[in-house]
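>>> when you get a sec, could you give me coordinates for this:
(chains A and B)
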Amino acid sequence: DTGVSQNPRHKITKRGQNVTFRCDPISEHNRLYWYRQTLGQGPEFLTYFQNEAQLEKSRLLSDRFSAERPKGSFSTLEIQRTEQGDSAMYLCASSSRQNNEKLFFGSGTQLSVL
Amino acid sequence: AQSVTQPDIHITVSEGASLELRCNYSYGATPYLFWYVQSPGQGLQLLLKYFSGDTLVQGIKGFEAEFKRSQSSFNLRKPSVHWSDAAEYFCAVGAHGGGNAGKSTFGDGTTLTVKP
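This next block holds a predicted model:
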C-alpha cells in the first residue's frame, strides 16, 4: 500500500505527558499537512510543509505543539504537556507538486488524554 | 474568512433511493470546493472537486455535485444509494493556488445512514 501512513493509530496518555505522532506521506508528494478533527466536527487545518520547510501554522497550533519534516519525507507532530482538550484525531495528508489541491489523507492517530 | 455549513447533521435514506447532501460556503472569491467521504476508522477520501468551468462535476462512486454561485451552494447528489455509501460526508472550501492550496476549511459533516 503506498498511501499515507500514520502511526500509532491510537495513543492514550496521561495529562502532562509528551506524545509524538509520525506521518509517512506518499513518496513523491512534496506537500504534507496536519489537521485535527474532534468528535462531531470537520478537520481543522494545523500546519503544512513544502518539502522540509514549514510554511504556515494555524493559530490552533499552540506553543506546546511542534511539527517537523526533517528531510522532506516523513513528518512528526509532537505535543508537549498534553491537556485533555488535546484529545482528538490527528490527520495527516499529502499532495503532489502537479496537483496540490488534491489531498490524500491517512487514517489518523486518535489521541486520548486522561 | 472562509466557512462551510452543512445543515444536515444526519440523513437516513433507503437503499436505492436518491440522495442529496447540502453544503453552503462563504468565500470572498471563486472557491475551490470539495466533497470528501470518511468511513469509520478510515481517512478522508476525495469524492470530487470543483475549480472552474462546468458547474456540474462528476466524481467517484457515482456521485456528482453542482456549484451554484448565486446560492453559494455545492450540493452532493447520487441517484441511487448503495448500503456501502453509509459514511460521513464532508464538504470543504479551499483557496486558490500557491501556498493556500490544500489548506481547506471543512464543514462539520453529514452522517449518512442507509436503510435496507
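>>> look up the closest residue to whichever residue of chain B sits closest to chain A, ignoring the ones flanking it.
Of all residues in chain B, residue B:106 sits closest to chain A, at 3.1 Å by CB to the nearest CB. Quick note: C-beta positions are derived from backbone N, CA and C, even for glycine. Nearest non-adjacent residue to residue B:106, counting by CB to CB, 6 or more residues apart in numbering or on different chains: residue A:42, 3.1 Å away.
>>> tell me the bridge partners for the residue nearest the centre of chain B.
Most central residue of chain B, judged by C-alpha distance to the mean C-alpha position with CA atoms, centre = their mean, is residue B:35 at 3.0 Å. Beta-bridge partners recorded for residue B:35 (DSSP bridges): residue B:48, residue B:91.
>>> wait, it sits on residue B:61?
No - when contacts are counted by CB atoms under 8 Å, residue B:35 is not listed as touching residue B:61 (10.6 Å).
>>> so the residue nearest the centre of chain A is in which element?
Of all residues in chain A, the one closest to the mean position by CA atoms, centre = their mean is residue A:34, 3.4 Å from it. Assigned by DSSP states H and E, residue A:34 belongs to strand A:31-37.
>>> do the next helix or strand after that strand and chain B meet?
Using DSSP H and E, the next helix or strand after strand A:31-37 towards the C-terminus is strand A:44-50. Yes - Strand A:44-50 lies within reach of chain B by CB under 8 Å from any CB of the partner chain, at A:44, A:45, A:48, A:50.
>>> same check, this time on stretch A:52-62
Yes - against chain B, stretch A:52-62 shows contacts by CB under 8 Å from any CB at A:55, A:56.
>>> contact partners for the residue nearest to the centre of chain B?
Neighbour list for residue B:35: B:21, B:23, B:46-49, B:59, B:63, B:65, B:74, B:76, B:89-92 [criterion: CB atoms under 8 Å, 6 or more residues apart in numbering or on different chains].
>>> just the mean pLDDT for stretch B:41-54, thanks.
Stretch B:41-54 shows a mean pLDDT of 88.
>>> list the contacts of that stretch.
With contacts defined as CB under 8 Å, 6+ apart, stretch B:41-54 is touched by A:3-4, A:43, A:91, A:93, A:101-108, B:30, B:32-38, B:57-61, B:63-65, B:67, B:74, B:76, B:89-90.
>>> good, wrapping up.
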